[in-house]
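# Just to be clear, the model below is a prediction. Sequence and coordinates:
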Amino acid sequence: HWLLHHGLGGRLDMRFNSDAAGANAGFAGISFNSANLDSNGGDILAYGQSDVANGFASGYASGIRLDAVTVATGGGNLLLRGSSTGADAGLGDAGVVVSGGSLDAGGGSIRIVGNGEQAVDGVRIATGALQAGAGGIDIRGLASGTGSGIVLSANPITTSGGDIFLDGRGGAAGVSVSYASFDSGGGDIVVHGEGDTGNGVDLYGSIDSGGGQVSLDGSSTQAEGLAFQAGYSGGILSAGGDIFLSGVGATGGARLVGNGYGTTTLDSGGGEIGIYGSASGAAAVGVTLSQLPVLSGVGNITVVGLS
């Protein structure tokens, strides 16, 4: 059930309400391929069961799938909430899949929620830019089977002062990020992940909060709690905001690695830095720091490792 509402000023609200009557869970996904969605300031909302606050578009493969789709809201909010039963899933399916294209909310917000069962991930994003305004970017993924909570490869991920929040929990990795740069323009950047066979948080890229707080917090029952590897330049920068990095795992607690071929630092610009790591496995290390200078200006630096 698609509802499009066009206002006199050219604003177009788009509501894609899957399984509106709540009668076809698992067989009522939402899919777009090679499309342009432009709301000119209106909201674009994809959900299910006529419940914009809690309803999921649900499919046997992917709940919501956008392939080579350009989404622009011009300041409106973007919501994608989908779930997969995993009953007919293939490689790359998830509760919410965004492959190619870009998501641009202008001054609005982006909220993505994805749940996956069996071997399906919660949220999979492999696209160009993710851009939002003061409303921020909020991505939450849950994989109740053997999948990962969030698998993200998008560059750049930016907000103009809004927070960036990722929360992933999965039977494999909690949050897995590759080749991505985060820039919040003063907002907080928070990444929380809980994994089982994979790392709690596995992040390859760069982070710049522009004054906001940075928090990376991961835990894993069988692998590393937090694994961060910087890209070619940047590292983790906060311009005065506090930086908190924490990992609890079996094979390692918190592992922080710079890039030996570029210029990378962990620099709070005057804020406090706290690094905590705990590893339970034999010969595992609580905190590992390699090729990543730690700088705080006048801020305190605390490093605690347990193994």
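All right, it came through fine.
# can you count the residues close to residue 242?
20 (other CB atoms under 10 Å). The C-beta positions use only the backbone N, C-alpha and C, and glycine is treated the same way.
# Without its sequence neighbours, what residue ends up closest to residue 144?
Spatial nearest neighbour of residue 144, chain neighbours left out: residue 117 (5.4 Å); criterion: CB to CB, 6 or more residues apart in numbering.
# which residues touch stretch 29-38?
Identification of contacts with stretch 29-38 by CB atoms under 8 Å, 6 or more residues apart in numbering yields 12, 14, 16, 18, 44, 46, 57-74, 82, 84.
# Please list the members of those that lie in strands.
Among the contacts of stretch 29-38, the members falling in strands are 12, 14, 16, 18, 44, 46, 57-59, 64-67, 70-72, 82, 84 (criterion: DSSP state E).
# coming back round to it: out of the contacts of stretch 29-38, which are buried?
Among these, those classed as buried by 16 or more other CB atoms under 10 Å are 12, 14, 16, 18, 44, 46, 57-67, 69-74, 82, 84.
# hang on, residue 177 packs against residue 203?
Yes: Residue 177 lies in contact with residue 203 (CB atoms under 8 Å); the separation is 4.4 Å.
# Which neighbours do these two have in common?
Shared contacts of residue 177 and residue 203, defined by CB under 8 Å, 6+ apart, comprise residue 191.
# Isn't the residue nearest to residue 144 up against residue 85?
Yes: taking contacts as CB under 8 Å, residue 117 lies within contact range of residue 85: 5.4 Å.
# residues in contact with the most centrally placed residue in the chain?
For the chain, residue 166 is the residue whose C-alpha lies nearest the centre (CA atoms, centre = their mean; 4.1 Å). Residues near residue 166 by CB under 8 Å, 6+ apart: 139-140, 150, 152, 175, 177, 190-193.
# Can you redo those as JSON lines, where the extra columns are pLDDT?
Converted to JSON lines, those look like this (pLDDT from 0 to 100):
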{"residue": "139", "pLDDT": "98"}
{"residue": "140", "pLDDT": "98"}
{"residue": "150", "pLDDT": "98"}
{"residue": "152", "pLDDT": "97"}
{"residue": "175", "pLDDT": "98"}
{"residue": "177", "pLDDT": "97"}
{"residue": "190", "pLDDT": "98"}
{"residue": "191", "pLDDT": "98"}
{"residue": "192", "pLDDT": "98"}
{"residue": "193", "pLDDT": "98"}
